[in-house]
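J.: Please find the sequence and the predicted model below.
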Amino acid sequence: MPEGHTIHRLAQDYAARFATGGPVRVSSPQGKFSDAAALLDGAPLTGTEAHGKHLFLGFAGSPGSAESWVHIHLGLFGKVTFGPAPAPPPTDTVRLRLADTASYVDLRGPTTCALITDAEKDAIHARLGPDPLRPDADPALAYARVRRSRTTIAALLMDQKVIAGVGNVYRAEVLFRHGIDPYRAGRDITPGQWDAIWADLVALMREGVRDNRIDTVRPEHTPEAMGRPPRVDDHGGEVYVYRRATQPCHVCGAEIRTADLAARNLFWCPGCQGG
DNA sequence: CGACAATGAAAAA
DNA sequence: TTTTCCTTGTCGC
């Protein structure tokens, strides 16, 4: 379930369980990370970090040598599962397993799982835009790119160089919440609209980290508030438009539309997001 | 730009 | 068995 909130939550969860100062057993049952796992095996996890959809696990080197990082990107269907010790026998798709006396965590199907240096980690940060979930993020940096682009705002929100951590759900939902036509060009987004989008993303994604899922429906639009039967969106959270094509808009009743945009499924309400 | 590949698993057909 | 997916590099026109 990989959008920025998931990765930040994973950074917290990995740290809470394994950054204890004690040794961590590191292995790669699937094999593709075996060499690096052997180097790290038994080292303490010193810290974790997330930037956009990138996760970094910091391991102490041997005394005197530098910290090294495991760089993880879940891609479209990478998955992480935590559990209590003793760890069960790993299945052959587990790329990375961490285990200690209290718990274990398995990583499957990531696009990236690689051992990198500090310099390589810096390079990754450098090519990512500001992340609404990071305290050091500067929204003006993102807006500077948006305002001089003829690309659609829907595509810009998914461009990790512009803003890091937003995925297909948050882009569709935040545009709905602000009544913005997804096909509007970046240059036509006003400073006020950008400020509102950014502030909303900060709030929504923080909530996403806390709850470990995406909810975007305002209290006044919940089924209870609208006097409609309760509903369950098929990805776990409650949303306005994501994956609701051909269904009626919760707010205006218009049929939710979908289209391909930059190889991804875009969803929007033609009634609420006119223009 | 679009097409495509790369990773796993779960849902749909 | 096929399709789908909360991603993103790369390659070709």
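T.: Now that the structure is in, tell me what you want to look at. Just so it is clear, the structure is predicted and the values come from calculations on it, not from any experiment.
J.: what residues does chain A put near DNA strand B?
T.: Applying CB under 7 Å from any atom of the strand, one finds that chain A approaches DNA strand B through A:30, A:75-79, A:91, A:93, A:95, A:108-109, A:111, A:151, A:155, A:234, A:262-263. All C-beta spots, glycine's among them, are computed from the backbone N, C-alpha and C.
J.: Go again with 6 Å.
T.: Within reach of DNA strand B by CB under 6 Å from any atom of the strand, chain A has these residues: A:30, A:75-77, A:79, A:93, A:95, A:108-109, A:111, A:151, A:262-263.
J.: what pLDDT does the residue in chain A that DNA strand C sits nearest to get?
T.: In chain A, no residue comes nearer to DNA strand C than A:Gly167, which is 2.3 Å away by CB to the nearest atom of the strand. Per-residue pLDDT puts A:Gly167 at 93.
J.: where does it fall, phi/psi-wise?
T.: phi -120, psi -160 (degrees, to the nearest 10).
J.: Could you check how far it is from A:Arg148?
T.: Going from A:Gly167 to A:Arg148 by CB to CB, to the nearest Å gives 24 Å.
J.: For the residue of chain A closest to DNA strand C, which non-adjacent residue is spatially closest?
T.: Nearest residue to A:Gly167 in three dimensions, chain neighbours excluded: A:Glu3, at 3.7 Å (CB to CB, 6 or more residues apart in numbering).
J.: Who are the contact partners of the one you found?
T.: Residues near A:Glu3 by CB atoms under 8 Å, 6 or more residues apart in numbering: A:Lys53, A:Gly165, A:Val166, A:Gly167, A:Asn168, A:Val169, A:Tyr170, A:Gly208, A:Ile214.
J.: okay, A:Gly167 and A:Arg148: which has more neighbours?
T.: Neighbours per residue (other CB atoms under 10 Å) separate A:Gly167 from A:Arg148, with A:Gly167 holding more: 21 against 9.
J.: hang on, that one packs against A:Met158?
T.: Yes. Counting by CB atoms under 8 Å, A:Met158 is a contact partner of A:Gly167 at 7.2 Å.
J.: before we move on, back to that, and the residues of chain A next to DNA strand B, which are buried?
T.: The neighbour count (16 or more other CB atoms under 10 Å) marks A:Gln30, A:Arg95, A:Arg108, A:Gly109 as buried among the residues of chain A next to DNA strand B.
J.: Mind listing residues that contact the helix or strand that A:Leu201 is a member of?
T.: Using DSSP states H and E, A:Leu201 sits in helix A:191-211. Under the criterion CB under 8 Å, 6+ apart, residues A:3-6, A:8-9, A:12, A:132-133, A:139, A:142-143, A:146-147, A:163, A:165-166, A:170, A:173-174, A:177-178, A:180, A:189, A:214-216, A:237 lie in contact with helix A:191-211.
J.: Just the CA atoms of that helix, as CSV, please.
T.: The C-alpha coordinates for helix A:191-211 follow below in CSV (Å, rounded to 0.1, in the frame of the first residue of the first chain):
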residue,chain,number,x,y,z
PRO,A,191,-0.7,30.9,-5.0
GLY,A,192,-3.8,30.7,-2.8
GLN,A,193,-4.9,27.4,-4.3
TRP,A,194,-1.4,25.9,-3.9
ASP,A,195,-1.2,27.0,-0.3
ALA,A,196,-4.6,25.3,0.3
ILE,A,197,-3.5,22.1,-1.5
TRP,A,198,-0.3,21.9,0.4
ALA,A,199,-1.9,22.5,3.8
ASP,A,200,-4.5,19.9,3.0
LEU,A,201,-1.9,17.4,2.0
VAL,A,202,0.0,17.9,5.2
ALA,A,203,-3.1,17.3,7.3
LEU,A,204,-4.4,14.4,5.2
MET,A,205,-1.1,12.6,5.0
ARG,A,206,-0.4,13.0,8.7
GLU,A,207,-3.7,11.4,9.4
GLY,A,208,-2.8,8.7,6.9
VAL,A,209,0.4,8.0,8.9
ARG,A,210,-1.5,7.8,12.2
ASP,A,211,-4.3,5.6,10.9
